[in-house]
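1. What follows is a predicted structure for the sequence shown.
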Amino acid sequence: MKRLMFAAATFGLAMTGAAAADPIEGKWKMPSGYDAQIAPCSGGFCLTYVTGPHKGKNFGQMTPTGNGQYSGTVVDYTKGGKQYSGKGELSGATLSISGCVLGGLICRSQTLNRI
């Protein structure tokens, strides 16, 4: 009986850990057609290319700010690795990411879809 209770408690803890995952985590399809992975790292979440010419490269880091909002940095390898101040907004299976330089004067954005 004790083993059964221990197994149930262990299963419950495992389910709690899985449920605690941030909604931004997972695999995403980029507008370019390439795939990206968002996973925990350094107190936030790293965005990494999974496919394409930049496979394995980190192209951003986001920290949750609340209510499906994130802030951090975004790297654009099509512009020679230019780094932008970034923000993200999660809405269902869609993640909108934008990055700006020069105090928001020049911005780029794109929408990723959960795979």
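-> Noted; the coordinates are in hand. Numbers count the residues shown, from 1 in each chain.
2. How about the contacts made by Glu62?
-> Quick fix: residue 62 is Met, not Glu. Neighbouring residues of Met62 by CB atoms under 8 Å, 6 or more residues apart in numbering: Ile24, Ile38, Gly44, Phe45, Leu47, Tyr70, Ser71, Gly72, Gly86, Gly88. Bear in mind the C-beta positions are built from the backbone N, C-alpha and C, glycine included.
3. From what I see, the fourth one and Ala39 are in contact.
-> By that I understand Phe45. Yes: Phe45 is in contact with Ala39 according to CB atoms under 8 Å; the separation is 6.6 Å.
4. What are the buried residues along the helix or strand that contains Gly72?
-> Gly72 is located in strand 69-76, with elements delineated by DSSP states H and E. Of all the residues in strand 69-76, those buried under the rule 16 or more other CB atoms under 10 Å are Tyr70, Gly72, Thr73, Val74, Val75, Asp76.
5. go on, stretch 32-52?
-> Asp35, Ala36, Gln37, Ile38, Gly44, Phe45, Cys46, Leu47, Thr48, Tyr49.
6. can you check stretch 104-111 too?
-> Buried residues in stretch 104-111, counting neighbours by 16+ other CB under 10 Å, are found at Arg108.
7. Okay, now the unreliable bits of this structure?
-> Low-confidence segments of the chain (pLDDT under 70): 1-20.
8. Tell me where it has helices.
-> With DSSP state H as the criterion, the chain has helices at 2-19.
9. In space, not sequence, find me the middle residue of it.
-> Taking CA atoms, centre = their mean, the centroid of the chain lies closest to Ile38, which sits 3.6 Å from it.
10. ok, it touching Leu47?
-> Yes: with contact defined as CB under 8 Å, Ile38 counts as touching Leu47 (5.4 Å).
11. Can you tell me how far the nearest residue to Ser98 once chain neighbours are set aside is from Ala39?
-> Closest residue to Ser98 apart from its sequence neighbours, by CB to CB, 6 or more residues apart in numbering: Ser109 at 3.6 Å. Taking CB to CB, to the nearest Å as the measure, Ser109 falls 22 Å from Ala39.
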